[in-house]
Structures are given as C-alpha cells and as structure tokens.
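Student: What follows is a protein structure lacking sequence information:
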Ligand SMILES: Nc1ncnc2c1ncn2[C@@H]1O[C@H](COP(=O)(O)OP(=O)(O)OP(=O)(O)O)[C@@H](O)[C@H]1O
C-alpha cells in the first residue's frame, strides 16, 4: 500500500529544520518544494494528502489561486505564519483548509496533529476494514473524490432554486440518488419524491401513469387513479430515462410544463401541477435530438440547470472506498466479517467500471456470496479484468448458488454487455422492459 505523502514548502531554514525533525513528519513519504517554482503548481502536480506551507507575503498569488482550487478538497493544509493579519489566508481557512499555526509555533501540537492525520490516511489505504466505511456522504451520495465534492456543491446550489434540473450521466452512476438528494436539500423535502422510468411506461398507459384517470375512462379503469403529477404534488417528480418517452407523449409533457395544467384521462376537471421536475438520461443528448427521439424544445424547458454525474472511473479512489462501504453495509446486515484483500482492492481501483457504481455494488454482493472470509480477485466476476478467473471451472456458477443470485448475475452481466441499454437487455433475456426495471429496482434497494 502506498504511504501517505506530505509536501513541505518553507523558506525559513529554522522552521524547515524544526518540521523535518518531527517524528510524525518522517513517517510520511516526503516531498520538499523546489524554491524556484510556485509551490501551488508543485502541489497540484504532486499526489500529496498533507501540506505544510509557510505563509509568505511574496506568494499572495498562490493563496488567491488556492481559494478556487480543487486542492482544498483533497489536501489537508497546515499554514505557518508570523501572525500578521492576512485576508487571503483567512478566506482559505474559512473554506476549511486545515490548521494555521502562528509564531511561536508549538511543535508538539503540530506533531500530534500530523500523527493523527497519518493514522487516518493509512487507514484509508489499508486493506479494507470490513466493518467501516470511510467515505464522505452528502444526502444519499457516498464519495470523497474531488469530482463528487464538486457535484455536492452543485446539488446544494441547485436545490436552493426552484428551477427544473436535467441530470446527465452514464448508466448506474447515481442519477436517481442525485435527484433524490436534490429533493432532500430543497424546500420541497417534506412533500413526496416520486420517480418513474419513462422507458418502462407502456405506450397505452402512459397518459394515465402521468396524469391519472377517472373511473370508467377506459376498459379496466375500475376506479380513479392518481398520476405521478398528482402523487408528487408539492414535491419533486423524477423522470428517469426521459429520452425513452415516446415522441408524441413528449409534446404532452411539454404542454403541462408550459401551462402547469393537465387533465386526467377521461376527466373534465383541469388540475394544476405544483411539482419540480428533474429529468435524467444516460444517452448522448445531441444525438437523441438529432435522431428526433428527443424533442429539443422539451430539453430546453427541462434543462434550466444541467447537472453532470461523473463516471466512477473519474472519481479517484472512490471505487476502492465504495467497495469497502458496500461490504461494511453487507457485513452489518448479514452479521459477517468478510474483508477485501489488498490485491482485490487494487483490482477494483484499476478497473474502469463501465456499469459504474451499480456494477461495483453488484460485484461486491456477488463476491460476498462466493467468498467465505476474504474476498480475493477471483471472487470478482468481472470479465473485463482480463486475468480474473471465473468462480469455478464451468460457467462461474458454484454448485448450490441461489437461483435469484444467478438471475441477478445474468441480468447485470447482460446489461453491462449492452452498455446499459435496457430494451436490448430485456429482449436478450426474454423478459419485458418493465420486469427488468422491477428487478433492477429490487436489487438497488436490497442494501
Ligand atoms: N455515490 C453513490 N453512493 C452510494 N451508492 C450509489 C452511488 N451512486 C450510485 N449508487 C448505487 O448504485 C445503484 C445505481 O444508482 P442509480 O439508480 O441512482 O443510478 P442511475 O444513474 O440512475 O442508473 P440508470 O442510468 O440505470 O437509471 C443504486 O443501488 C445506488 O444506490
């Protein structure tokens, strides 16, 4: 496991030697700045988790740039100054940069604090503790990477507004969780959050699903039915896979968004919608609009605030952390003590996860089924890992495996093979798209 790294930048030789003589400092892999270059640039390029920086008036530009730098999320800073008031440093401290030690420095406090940081950071890179998760959490989202922190900030900003939002991200990257988190942080949080998959709506029933129907509106309409607009009244309506909604129904949706009014099927009374719409897709929108499967006018109506969810492969160490997170929850649920070996964690981190967090979550669940105690690389059923073996000499299905687990593996693997396309997946598996959605929902909510 790589050792935590520490960056030191100081021009004062006595400060430098005092810091370098601290035992805690020597535990880290050290990187001392090159005095002729800007420290901020050097630190940006270095993969250091802790930085000791002497505050120097000549380097005000670096402090100004630090305000908006992603380094504030990924590095724990300790600044050393002579105590002269410095507004730029104060602003950085207000953003939660870390510690500010004023001269005369109490080095034993610095030592104690660095010792703690070292232990924490070593914990994060140690072979998984099987019962704890160390990732940050925001609403329903888990992740400590810079990309996720930037997403958290965007969600907070959008949640405070009343605008509609459009979430774009690969399949399984967490779009529904983003929508739900947006709802939780909005003023509508006390009202319902209602999610529907537009791809799973049957064309005959779509109007009724959206706007409801009255008793007798059509054969089989035995009683009044509330559509999702009514169910979500006062709250948030999440329209997942919006690009899969039949084209002619998109016009109807657009009309409701423009007028705020709709009529249940077979009803006479006009209802007023009070919902915030959050739509999502994993498709390339430009292409969907060009191919005329998605209406451009509807896009502009919905996308007052587009939010991009980063794919898991762009989230630094989050894959490793999420694996530990899902395992910790599984262990707590099953009252087990399974753990991930160091080489398993390395494989997890090195893999590109085309099916994103969902694929990782399911992979950990399958590995828990297959491993008795320590999860080794061969328990990860991911074909693209290349050298990862299947779990037995046949089809990767151990004797005695539960049928619903086998079904789950078949579904997730086929989905992955089809790049998340649920229509193709359902067709290959010989089930309806609706059944596929129901099964995926069941898996998603199983831990
Ligand atoms: N950041 C995250 N932290 C914890 N769990 C996550 C995170 N992102 C996704 N998940 C889990 O991964 C699964 C898929 O998430 P979700 O349904 O939100 O993805 P999606 O992008 O909406 O997928 P789809 O494109 O198929 O609709 C769920 O089980 C969810 O709980």
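Tutor: Noted; the coordinates are in hand. Computed from a prediction, not measured in an experiment: that's the story for all the values here.

Student: rest of the way, CA atoms for contacts and neighbours
Tutor: OK.

Student: now the helices for the stretch 201-350 of the chain?
Tutor: 206-211, 228-231, 247-259, 285-290, 296-302, 318-334, 342-350 (DSSP state H, counting those that start in this stretch).

Student: And residue 69, its phi and psi?
Tutor: phi -90, psi 150 (degrees, to the nearest 10).

Student: And for residue 232?
Tutor: Here residue 232 shows phi and psi, under degrees, to the nearest 10, equal to phi -90, psi 10.

Student: hmm, back to that, so which of the helices of the stretch 201-350 of the chain comes closest to residue 42?
Tutor: Residue 42 sits nearest to helix 318-334 of all the helices of the stretch 201-350 of the chain, at 23.9 Å, using Cα to Cα.

Student: Quick one: residues in contact with that closest one.
Tutor: Helix 318-334 has contacts (Cα atoms under 8 Å, 6 or more residues apart in numbering) with 124, 128-135, 142-145, 312-313, 336-340, 345-346, 348-349, 357, 360-361, 364-365, 368, 447.

Student: ok, which of these also contact the ligand?
Tutor: 142, 143, 357 (Cα under 6 Å from any ligand atom).

Student: who wins for neighbours among those residues?
Tutor: Within those, neighbour counts (other Cα atoms under 10 Å) peak at residue 143, which reaches 23 neighbours.

Student: Could I get the contacting residues of that residue?
Tutor: Counted by Cα under 8 Å, 6+ apart, residue 143 has contacts 135, 136, 137, 149, 318, 321, 322.

Student: 6 Å instead?
Tutor: Residues near residue 143 by Cα atoms under 6 Å, 6 or more residues apart in numbering: 135, 136, 318.

Student: Going by neighbour count, which of these are buried?
Tutor: With burial judged by 16 or more other Cα atoms under 10 Å, the buried subset of those is 135, 318.

Student: Dump the contacts of residue 143 to CSV, plus pLDDT.
Tutor: Shown next, in CSV, are those (pLDDT from 0 to 100):
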residue, pLDDT
135, 82
136, 85
318, 93
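
Student: returning to what we had before: where among the helices of the stretch 201-350 of the chain is the average confidence lowest?
Tutor: Here the helices of the stretch 201-350 of the chain differ in mean pLDDT, and the lowest is helix 285-290 at a mean of 88.

Student: which intervals of this structure have sub-threshold pLDDT?
Tutor: 1-2, 58, 96, 123-130, 383-401, 446-447 (pLDDT under 70).

Student: Which segments of it make up each domain?
Tutor: Annotated domains of the chain cover 5-125, 146-308, 313-444 [automatic domain parsing].

Student: Count the residues that sit near the residue nearest to residue 343 when sequence neighbours are not counted.
Tutor: Among residues not flanking residue 343 along the chain, residue 377 sits closest, at 6.7 Å (Cα to Cα, 6 or more residues apart in numbering). Residues lying near residue 377 (other Cα under 10 Å) number 23.
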